[in-house]
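Q: Let's see this in three dimensions:
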Amino acid sequence: MRRDSKGIALVTALAILVVVSLLVLGTVFSTQIQSWTTRNDTTSTQAYYIAHAGLEKYKTIAFQSFRFYLDNLQHYGSALGTSAICGNLLSSGLDINRNFVIDSSDGDLMPGGSRTESYGGGTYTVTFTPDGSNVILTSVGKIHGAKATDQVVFEPKNAGIFSNALFAGGGISSKYINGGAQVWGSVYIQGPDPTAVTNPPTVISSNGDFGMHNFYDDSQLLNLMGNKFTDNQLQSMLGATATDQKDLCAHLRVAYGQVDTGGNTTIGDSSAPSGYKSSLQGLNVSSGATDISSGGSSTIYADNYPNGNLGYDLTKTMQLPTFAGPCKTGNSWGECLQRDAKTYTSDASTNPGGCDLSTIASGTTLDFDTTPISCVIYDSNNNPVGGFSYQQGSDGSDWNLNVYGLVNFNGFDLHFAKNVAARFSGKATIMVTQDSGGTGGNITVDGDILPSTHQVCDPTCHTPSFPDDEVLGLIAQNDLTFTGVNENQLLSSTQTAVGLFYAGNQASVQKGGVVMGTVIAKGISTSSGNAGQTAKVIQVPGLEYNLAPGFTDLPNDLEATFRILAYERR
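A: Model (predicted):
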């Protein structure tokens, strides 16, 4: 019996020893697992922070590059404007070296490209991917075998005077834009200082067929222009990048004022062909929904309507340029224009080269009609350096206007009385200003103004296109009128003018008038001349990066903002 007790005690002791050993081993193993887990969590966290550091660095580089592009458009111009989608200048890549050339062989980060750098004992690899109007930055951090991914999607956006089809500010007869115009692209209205008026004025009043659209293609453009051109002619004038716009990122912005839509007004479209975007990107009016009145059969299709922020969405307002307003290279815009222009008056003895304007003058109106004139200034190598010429084409059809730099007709009104093919060296501008007695300063476009379709060899031969190569600017100190169906050269039901246009007072696009480019004015009328308006204004993206002389003197009002759309940690 004692022997059996000793045996039981031994078994019990062994069992207890096994249990204790298992507990000890379990504790050790659990501690080890916790240690491994903690170490893995630590290295994973380290990998994330490394990835995040790379993301933040290149997000900063991207924003700085965006600002640098906006501040140096004269160096980038066409290259950025051609590839930019909805103003996303980063579509071309990041000019990290800031030498005005975006090239991977020069160390720049191209679309779809990656960059690996050491940081914090590990590495991160950042991939830069422009995606339409957005940019995706993906950063993968690695350390001690651990890996983490951090990603951001953001929208680099710029908005300025020239990023619109129509820009109005100041108001005429309390209406800034009125009538039944059709607009392809953005509209911006700068209302009066809210401290100067009791109630916000109505800045858009539409009771007819006013409409805004967010896309167009070449066949639609041909139709809008009255089908008087072939597709090849259109491509020659405008280039492929200007004739097909799947998403204009159109905005209707009102800094201060009310929008009253009625009749058959349509803002945006209910549908669009595959690959094209029908709705406007934004409807942002003054203080919001209280300043938007929709009646009749009017409809609105915008990404933020009706649910979203409908108030003015930029951090600053953009003012209408005026001759008395600021110039980035002088005291006032008017002084800068006068300084840079070749100025012509009725006194031939004081004109550049002694040019006599009397041959094309009818009183105080200059007529580009059936009389040729040449007032070109040449350098010692016989290269044109200023002035203008107006000659009929060798085939006896349209008349060719050649402008070099900035030309000012002081004390005159200007009348385009013929269809004109504008040919010039690079970009050029014609300006008309009042003289000391208040005479002059108005422009009437009574025909077509079109880019040339002729080849230029300098030294390689190519056909210049709008706006990358050719932009004609018109600056009227007072009024600018497109006569539409009232033009005296009407060959079809449509008048077409292509360029960059400014009126210090009112710009009027009458029935049958089609304007491609940007119209800037104190007030814009589309209801003059005839009822049942069919005036059309079509924004051409890229024009804001290819300004004509004189317009480049305006302070850079482009506002750069980054809107973070999504963060993702993996």
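
Q: which stretches of the stretch 151-300 of the chain form strands?
A: 166-169, 177-179, 182-184, 187-190, 202-206, 211-213, 251-254, 258-261, 266-267, 282-285, 292-294, 299-300 (DSSP state E, counting those that start in this stretch).

Q: averaging pLDDT over each of those, which comes out lowest?
A: When the strands of the stretch 151-300 of the chain are compared on average pLDDT, strand 177-179 comes out lowest at a mean of 66.

Q: Which residues does stretch 49-69 contact?
A: Residues lying outside stretch 49-69 but in contact with it, judged by CB atoms under 8 Å, 6 or more residues apart in numbering, are 76, 80, 89-90, 94-96, 98, 109, 115, 117, 119-120, 122-126, 128, 135, 137-143, 148-152, 154, 156, 158, 560, 562. Every C-beta, even on glycine, is put in place using the N, C-alpha and C of the backbone.

Q: Just the C-alpha atoms of it, please, in CSV.
A: Taking Å, rounded to 0.1, in the frame of the first residue of the first chain, the C-alpha atoms of stretch 49-69 are listed here in CSV:
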residue,chain,number,x,y,z
TYR,A,49,5.8,56.7,-42.0
ILE,A,50,8.6,56.3,-44.6
ALA,A,51,5.9,55.9,-47.3
HIS,A,52,4.0,59.0,-45.9
ALA,A,53,7.2,61.0,-45.9
GLY,A,54,7.7,60.3,-49.6
LEU,A,55,4.1,61.1,-50.3
GLU,A,56,4.3,64.5,-48.5
LYS,A,57,7.5,65.4,-50.1
TYR,A,58,6.3,64.8,-53.7
LYS,A,59,2.9,66.3,-52.9
THR,A,60,4.7,69.5,-52.0
ILE,A,61,6.9,69.2,-55.1
ALA,A,62,3.7,68.8,-57.2
PHE,A,63,2.1,71.9,-55.7
GLN,A,64,5.3,73.9,-56.1
SER,A,65,5.6,72.8,-59.7
PHE,A,66,2.0,73.8,-60.4
ARG,A,67,2.7,77.3,-59.0
PHE,A,68,5.9,77.6,-60.9
TYR,A,69,4.2,76.7,-64.2
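
Q: What residues sit buried inside that stretch?
A: For stretch 49-69, burial by neighbour count (16 or more other CB atoms under 10 Å) applies to 49-55, 57-59, 61-63, 65-66, 68-69.

Q: before we move on, the earlier item: pull out the buried residues from the contacts of stretch 49-69.
A: Buried residues within the contacts of stretch 49-69, defined by neighbour count using 16+ other CB under 10 Å: 76, 80, 89-90, 94-96, 109, 115, 122-126, 128, 135, 137-143, 148-152, 154, 156, 158, 560.

Q: In strands, which of those residues fall?
A: 115, 122-126, 128, 135, 137-143, 148-152, 154, 156, 158, 560 (DSSP state E).

Q: about what we covered before: among the strands of the stretch 151-300 of the chain, which is nearest Asn402?
A: strand 166-169 (28.3 Å; CB to CB).

Q: for the closest one, packing partners?
A: Counting contacts by 3 or more CB pairs under 8 Å, 6 or more residues apart in numbering; DSSP states H and E, strand 166-169 is packed against strand 187-190, strand 513-526.

Q: List the strands paired with that strand, with their directions.
A: With DSSP bridges as the test, strand 166-169 is paired with strand 187-190 (parallel), strand 513-526 (parallel).

Q: In TSV, list these along with mean neighbour count and distance to Thr329.
A: Supplementary listing: the strands paired with strand 166-169 in TSV, determined by neighbours: other CB atoms under 10 Å; distance: least, CB to CB, whole Å:
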stretch	mean neighbour count	distance to Thr329
strand 187-190	26	23
strand 513-526	26	19
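
Q: Next, format these as JSON lines and append distance to Ile443.
A: Output for these, formatted as JSON lines (distance: least, CB to CB, whole Å):
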{"stretch": "strand 187-190", "distance to Ile443": "22"}
{"stretch": "strand 513-526", "distance to Ile443": "12"}
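
Q: Noted, bye for now.
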